[in-house]
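Asker: Make a model of this:
(one chain, ligands or ions: 1)
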Amino acid sequence: MVRRATRRQFLESVGLAGAALSMSESGSLAAMLQEAKPPLVATAETEKPALLGGKPVCRGNWPGWPRPSKSDEEALLEVLRAARWYRSRSVPEFEEKYAALNQAKYCIATSSGTTALYTSLGALGVGPGDEVIVPPYTFMATVTVVLLHYALPVFVDSDRESFLMDPAKLEAAITERTKAIIPVHIGGNVADMDRILAVAEKHNIPVVGDACQAHLAQWRGRSAGSWGTTGCYSFQLSKNLCSGEGGAILTNEEAVADACFAFHNCCRNRPHSRNGSKYRFGRNGNFRMTEFQGALLLSQMQGLEERAQLRSENAAYLTKLLRQIPGIHPAKEYEGCTRNAYHLYMFRYDPSQFAGLSRDKFLRALRAEGVPASAGYSPLNKADFLLDALRSQPYVRVYGQKTIDQWPERNQCPENDKLCEEGCWLMHTVLLTSKEQMEQIAAAVAKIHKHAAELAKA
Ligand SMILES: *Cc1c(COP(=O)(O)O)cnc(C)c1O
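Answerer: Numbers count the residues shown, from 1 in each chain. Take a look at the predicted model:
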């Protein structure tokens, strides 16, 4: 029988009430719990884990993504009817607005986040024989762009608590061949830019920030992508701001903006480039954004700030609730991270606190409870595509067999290996909901915790 339970009954039914009340800030938590409406639960029927045939805690009405609007339709039709399909008005307008939104001087829109990163490295002259420093806990594109320039990726291990590049391990990875450092703001959590930039400046190495998952994220009150030499964004379908495909480069340096523009535009310079000439010769390609993407992004930017605030509020509340459950460790933010974009809600799972229940079975149990949770990345430094590329003839020719043979040993990331076994994700759309739904997620985790031994045996 489904009925409206009291908040207390609800929390007790999943074993969260005692824990919640024992926390030091129980006053503020209690106040927060009182604010939200009591959730719909059937206490007796939800008692049994859903994976073992019980009733799920969550009703599973999570929002979809992307969210097309009437304004998107109008924007796209206008471009279509005006036959204005090539970079002319919407793309430059988007570049201007996106630069302003991120407190950056210049923005160059590209066809994807991958081509934004590729263009940044190309503009900085990265090529065969160079080394580029990357973290191992990221999407493959952070590394494929290094390979496309025939540069050698060098991995710096993760800080398991933050899921980000461990800044303490960066300097040891620098050699005289290091041509760029790519910190990644994974999940929207911001890498320690103070320490990374200090090391980069000391060795005079440019920093290309991968902010593909970090729209509106901030480091010390300023857009995460506005720090370093360039900051790269993706507008691929899954991202917090999207147009199906698309990307952008931010920079505060005019010379870098000019070089990126020409690289992405078949040698042709920025219209207002101080360079004077129409062309900037060198390696280049066509990585332009179309007017359709530009117009869609301008339209999709409406509500971006409100959605970011909603994610932040719900994530903060979820973190408070999840911290009460032993063995669940939400990703730590560095002190300078003044805003996390929460493209992903990331936490580590410790099976020893769950009667040995494996991470994968925990995730299956959580999905059965109606929470769309997934395992995160697997170790990128051990990925087959990467090892295949490094063993290919051009790589062996440039770096020599010995360097290639030694590469796996030199690029071990033991902390990241552990992180990849513990990591769990919720997509950002889960945060575009309500406090009540955050309570349901926490309740589902608490329920699994309570029945962990039973689940582990089944
Ligand atoms: C999405 C993503 C990219 C690549 O962006 P695309 O637009 O898909 O090419 C690069 N790095 C990270 C961390 C990403 O999440």
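Asker: Does residue 109 belong to a helix, a strand or coil?
Answerer: strand (DSSP: H, G, I helix; E, B strand; the rest coil).
Asker: Convert stretch 242-258 to PDB, retaining C-alpha atoms only.
Answerer: Taking Å, rounded to 0.1, in the frame of the first residue of the first chain, the C-alpha atoms of stretch 242-258 are listed here in PDB:
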ATOM      1  CA  CYS A 242      24.600  21.700 -25.800                       C
ATOM      2  CA  SER A 243      23.900  21.900 -29.500                       C
ATOM      3  CA  GLY A 244      24.400  18.200 -30.500                       C
ATOM      4  CA  GLU A 245      28.000  18.900 -31.400                       C
ATOM      5  CA  GLY A 246      30.100  22.000 -30.900                       C
ATOM      6  CA  GLY A 247      33.000  23.400 -29.000                       C
ATOM      7  CA  ALA A 248      34.700  26.700 -27.900                       C
ATOM      8  CA  ILE A 249      38.100  27.900 -27.000                       C
ATOM      9  CA  LEU A 250      38.500  30.800 -24.500                       C
ATOM     10  CA  THR A 251      41.700  32.800 -24.200                       C
ATOM     11  CA  ASN A 252      42.900  36.100 -22.900                       C
ATOM     12  CA  GLU A 253      45.900  36.300 -25.200                       C
ATOM     13  CA  GLU A 254      45.400  38.000 -28.600                       C
ATOM     14  CA  ALA A 255      48.200  36.100 -30.300                       C
ATOM     15  CA  VAL A 256      46.800  32.800 -29.100                       C
ATOM     16  CA  ALA A 257      43.300  33.800 -30.300                       C
ATOM     17  CA  ASP A 258      44.700  34.600 -33.700                       C
END
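Asker: Let me see the mean pLDDT of that stretch.
Answerer: Averaged over stretch 242-258, pLDDT sits at 97.
Asker: Show me how far that stretch is from its chain's centre.
Answerer: Here stretch 242-258 shows a centroid-to-chain-centroid distance of 18 Å under the convention C-alpha atoms, centre = their mean, to the nearest Å.
Asker: Buried residues of it, list them for me.
Answerer: Using 16 or more other C-beta atoms under 10 Å as the burial criterion, the residues of stretch 242-258 that qualify are 242-243, 245-252, 256-258. (C-beta placed from N, C-alpha, C; glycine too.)
Asker: Mind putting the residues you listed into a markdown table with secondary structure and distance to the ligand?
Answerer: Below are these laid out as a markdown table (DSSP: H, G, I helix; E, B strand; the rest coil; distance: C-beta to the nearest ligand atom, whole Å):
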| residue | secondary structure | distance to the ligand |
| --- | --- | --- |
| 242 | coil | 9 |
| 243 | coil | 10 |
| 245 | coil | 6 |
| 246 | coil | 7 |
| 247 | strand | 5 |
| 248 | strand | 10 |
| 249 | strand | 12 |
| 250 | strand | 15 |
| 251 | strand | 17 |
| 252 | coil | 21 |
| 256 | helix | 19 |
| 257 | helix | 20 |
| 258 | helix | 23 |
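Asker: Let's have those residues in CSV, adding distance to residue 191.
Answerer: Formatted as CSV, these follow (distance: C-beta to C-beta, whole Å):
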residue, distance to residue 191
242, 22
243, 25
245, 25
246, 23
247, 19
248, 19
249, 17
250, 15
251, 18
252, 18
256, 20
257, 23
258, 27
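Asker: Which one of the residues in the protein is closest to the ligand?
Answerer: residue 113 (2.4 Å; C-beta to the nearest ligand atom).
Asker: And the nearest residue to that residue once chain neighbours are set aside, how far from residue 280?
Answerer: Leaving aside its chain neighbours, residue 113 sits nearest to residue 234 (2.6 Å; criterion: C-beta to C-beta, 6 or more residues apart in numbering). Applying C-beta to C-beta, to the nearest Å, the value for residue 234 to residue 280 is 25 Å.
Asker: And these two? Which one has more around it.
Answerer: Neighbours were counted for residue 234 and for residue 280 using other C-beta atoms under 10 Å; residue 234 has more, 30 against 19.
Asker: Give me the phi and psi for the more buried one.
Answerer: phi -120, psi 140 (degrees, to the nearest 10).
Asker: Residues in a beta bridge with it, which ones?
Answerer: residue 247 (DSSP bridges).
Asker: interface residues of the stretch 151-300 of the chain facing the ligand?
Answerer: 184, 210, 212, 213, 234, 236, 247 (C-beta under 6 Å from any ligand atom).
Asker: Now do the contacts for the fifth one.
Answerer: Residue 234 makes contact with 112, 113, 114, 116, 212, 213, 246, 247 under the criterion C-beta atoms under 8 Å, 6 or more residues apart in numbering.
Asker: One more pass at 6 Å, please.
Answerer: Each residue near residue 234 by C-beta atoms under 6 Å, 6 or more residues apart in numbering is listed here: 113, 212, 247.
Asker: what separates it from residue 277, distance-wise?
Answerer: Counting by C-beta to C-beta - residue 234 and residue 277 are separated by 31 Å.
Asker: likewise the fourth one?
Answerer: Distance of residue 213 to residue 277, given as C-beta to C-beta: 37 Å.
Asker: re the thing from before, can the residues of the stretch 151-300 of the chain next to the ligand go into a markdown table with extra columns for secondary structure?
Answerer: As requested, those are exported to a markdown table (three-state DSSP):
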| residue | secondary structure |
| --- | --- |
| 184 | strand |
| 210 | strand |
| 212 | coil |
| 213 | coil |
| 234 | strand |
| 236 | coil |
| 247 | strand |
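Asker: List the contacts of the residue nearest the centre of the chain.
Answerer: Note on the chain: the residue nearest the mean C-alpha position is residue 187, at 2.6 Å, using C-alpha atoms, centre = their mean. With contacts defined as C-beta under 6 Å, 6+ apart, residue 187 is in contact with 213, 343, 344, 346.
Asker: per-residue confidence for it?
Answerer: 98.
Asker: for residue 17, same thing?
Answerer: pLDDT at residue 17 comes out at 51.
Asker: Run a quick neighbour tally on the residue of the chain closest to the ligand.
Answerer: 27.
Asker: For the chain, give me the ranges with low pLDDT.
Answerer: The chain contains residues with pLDDT under 70 at 1-46, 275.
Asker: next one: phi and psi at the residue of the chain closest to the ligand?
Answerer: phi -70, psi -40.
Asker: you'd agree it is up against residue 248?
Answerer: No. Counting by C-beta atoms under 6 Å, residue 113 does not reach residue 248; the two are 8.4 Å apart.
Asker: so where do the strands sit in the stretch 301-450 of the chain?
Answerer: 328-330, 337-339, 344-349, 373-375, 423-427 (DSSP state E, counting those that start in this stretch).
Asker: Closest to residue 311 out of the contacts of residue 234?
Answerer: Residue 311 lies nearest to residue 212 out of the contacts of residue 234, by C-beta to C-beta, at 16.5 Å.
Asker: could you list every residue that touches that closest one?
Answerer: 113, 233, 234.
Asker: Roughly how far does the residue nearest to the second one when sequence neighbours are not counted sit from residue 49?
Answerer: Spatial nearest neighbour of residue 233, excluding adjacent residues (C-beta to C-beta, 6+ apart): residue 248 at 4.5 Å. From residue 248 over to residue 49 the distance is 44 Å, taken as C-beta to C-beta.
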